[in-house]
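1. Quick check, what structure comes out for this input:
(2 chains)
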There are 2 protein chains.
Amino acid sequence: MLSKNLLKEIRILHIGKYRRKEQKFIAEGPKIVQEFLDSQYEVDSIYATADWMSANQLAHDNMVQITEKELQAISLLKTPNQVLAIVNYPMTNEIQFENGDLIIALDTIQDPGNLGTIIRIADWFGIRKIVCSVETADAFNPKVVQASMGALTRVQMIYTNLEQWLKSLDKKTTIYGTMLNGENIYESELKHDGVIVIGNEGQGISSEIQQLITSQIKIPAYSDSLMESLNAAVATAIVCAEFRRRKP
Amino acid sequence: MLSKNLLKEIRILHIGKYRRKEQKFIAEGPKIVQEFLDSQYEVDSIYATADWMSANQLAHDNMVQITEKELQAISLLKTPNQVLAIVNYPMTNEIQFENGDLIIALDTIQDPGNLGTIIRIADWFGIRKIVCSVETADAFNPKVVQASMGALTRVQMIYTNLEQWLKSLDKKTTIYGTMLNGENIYESELKHDGVIVIGNEGQGISSEIQQLITSQIKIPAYSDSLMESLNAAVATAIVCAEFRRRKP
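-> Sure thing, here's the model as predicted:
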């Protein structure tokens, strides 16, 4: 049974500023909740239907059985799915660039769907850290949590002043960026480590960050009449695939 | 000025079955409408604000000046943008597989956003034909038209019985498909032409179509704990990029 107060406590997490204040976010559905339970994340509380309860027999200090109707009241999904968990934000916001790391840096990705897709791409290619400008969409936005399909549990997300962070890196670190006048990626020398900067959906990489790029690359087009660019997540995928192809 | 009848005639095109009955669809915004005007598509009628009218000085038989408020009533965009065009469906629904063609075949892509992204990817890589199973999302759905950002004017979309079409192809045509037990694409022999089959977001390639695949490929993952697959549009991008890398 959900009290009015509890209902309110959960629902405010739909809103970004309250998530950041409370340092908690929402994950939904048996599969994704299970991935958070199995991960290093700390699951604060679980709200589940009787079905989920009996199927999972979980021991958790803070577990509340609720009705389908109550689940509907706290869920953000069109079709709520048995269980909703409140998860604590990760404790650390420190970034260590270790030798051999390949890191993705997001220079203000705005669309939550794109961000979720990029997190899945990072996971697929074994990239374990994504550094985001503070203006980048919130990785703990429920849309991103669901779109990332659990990849969020395996990829560390760090929000920071991207320009300062890039400036703080060892000078030997290669900073790659996809730019219109870059070198064809398939003819470029790519190291196995470094930072890959992905620019904003509309504006590309900002001028301040452009100046810090040490290796400008581009994905060649095979079309004459081209007026458009590739979607940011698609470009991320093609670039990451090429890095990993070189280091099987 | 929009009559009540005209308003109704336009608004029914928001709905798939009426689009197919009328053989007309909606394109919005100055950039995308211009791309359709410049293309082989036949633009049936244009509804535009005074701003767009005076900026474009276009001669078109069927052009109606409307107010911002009227535009809002017929638009599907959150922020309607000066102009809405009604465009006729393409005349031909025939598919010719010509020597050297690289064609994408969609085995029931359901998400309109994914479909729009795939059309943009095809455009980028100079792939001019996409063959879709009849269950695939409607390419003339306003969401797809807008998401494809004009790429739809350069990529021919054909809806047909995909299984029969694949069976009808010359036996020399290679039919590629991404499958879990496929060969690492980076170690596979790829021809410069053929058909690349992309499966459904949840189910992958259907069992009937799987039997017609003559070259099973897969995108290698670089992660152990992987429970998920790549998004269908992302997989399309990586596969197309690799085909085109081999034939610069």
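
2. Contacts only, for A:Asn161.
-> Contact partners of A:Asn161, counting by C-beta atoms under 8 Å, 6 or more residues apart in numbering or on different chains, are A:Ser133, A:Val134. Placement of C-beta: from N, CA and C, glycine included.

3. From chain B, how far off is it?
-> Per C-beta to the nearest C-beta, to the nearest Å, A:Asn161 is found 29 Å from chain B.

4. which regions of chain A sit below the pLDDT cut-off?
-> The model of chain A has pLDDT under 70 over residues A:224-228, A:248.

5. and it, what are its domains?
-> Here the domain parsing of chain A from automatic domain parsing is A:4-88, A:102-246.

6. which other helices and strands contact the lengthiest helix in chain A?
-> Ranked by residue count and defined by DSSP state H, the top helix of chain A is helix A:232-246. Applying 3 or more C-beta pairs under 8 Å, 6 or more residues apart in numbering or on different chains; DSSP states H and E, we find helix A:232-246 packed against strand A:102-107, helix A:112-124, strand A:175-184, strand A:194-199, helix B:112-124, helix B:232-246.

7. For these, could you give me TSV that also reports mean neighbour count and distance to A:Gly29?
-> Below are the helices and strands packed on helix A:232-246 laid out as TSV (neighbours: other C-beta atoms under 10 Å in any protein chain shown; distance: least, C-beta to C-beta, whole Å):
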stretch	mean neighbour count	distance to A:Gly29
strand A:102-107	24	25
helix A:112-124	25	14
strand A:175-184	16	34
strand A:194-199	24	28
helix B:112-124	25	20
helix B:232-246	23	20
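
8. nearest to A:Leu230, of those?
-> With C-beta to C-beta, the closest approach to A:Leu230 among the helices and strands packed on helix A:232-246 belongs to helix B:112-124: 5.6 Å.

9. wait, does that closest one make contact with chain A?
-> Yes: counting by C-beta under 8 Å from any C-beta of the partner chain, chain A is contacted by helix B:112-124 at B:Gly113, B:Thr117, B:Arg120, B:Ile121, B:Asp123, B:Trp124.

10. and of those residues, the nearest to A:Asp170?
-> Of all the residues of helix B:112-124 next to chain A, A:Asp170 sits closest to B:Trp124, with 34.7 Å by C-beta to C-beta.

11. correct me, but the closest one touches A:Ser223?
-> Yes: counting by C-beta atoms under 8 Å, B:Trp124 does reach A:Ser223; the two are 6.1 Å apart.

12. Straight-line length of stretch A:137-154, end to end?
-> For stretch A:137-154, the first-to-last residue distance is 18 Å (C-alpha to C-alpha, to the nearest Å).

13. For that stretch, list every residue counted as buried.
-> A:137-142, A:144-154 (16 or more other C-beta atoms under 10 Å in any protein chain shown).

14. and the residues you listed, which of them are in strands?
-> Applying DSSP state E to the buried residues of stretch A:137-154, no entry is found in strands.

15. next SSE after the strand or helix carrying A:Trp52?
-> Per DSSP states H and E: A:Trp52 is located in helix A:50-56. The helix or strand immediately downstream of helix A:50-56 is strand A:63-65, counting by DSSP H and E.

16. what residues does that following strand touch?
-> By C-beta under 8 Å, 6+ apart, the residues outside strand A:63-65 that reach it are A:Met1, A:Leu2, A:Leu6, A:Ser45, A:Ile46, A:Tyr47, A:Ala48, A:Thr49, A:Ala50, A:Met53.

17. Tally up the residues packed near the last one, please.
-> What it means is A:Met53. Neighbour count for A:Met53, taken as other C-beta atoms under 10 Å in any protein chain shown: 17.

18. how close does the spatially closest residue to A:Thr49 that is not a sequence neighbour get to A:Ser207?
-> In this structure, A:Thr49 finds its nearest non-sequential neighbour in A:Gln82, 5.2 Å apart by C-beta to C-beta, 6 or more residues apart in numbering or on different chains. A:Gln82 sits 48 Å away from A:Ser207 when distances are taken as C-beta to C-beta, to the nearest Å.

19. can you check A:Ser75 too?
-> 42 Å.

20. If you count surrounding residues, which of the two has more?
-> Neighbour count, other C-beta under 10 Å: between A:Ser75 and A:Ser207, A:Ser75 has more, with 22 against 8.

21. Tell me which residues touch that one, please.
-> A:Glu28, A:Asn81, A:Leu84.

22. again, 6 Å this time
-> Residues counted as contacts of A:Ser75 (C-beta atoms under 6 Å, 6 or more residues apart in numbering or on different chains) are A:Leu84.

23. Could you list the contact residues of chain A toward chain B?
-> A:117, A:123-126, A:149, A:154, A:186, A:221-223, A:225, A:228, A:230-231, A:234, A:237-238, A:241, A:244-245 (C-beta under 6 Å from any C-beta of the partner chain).
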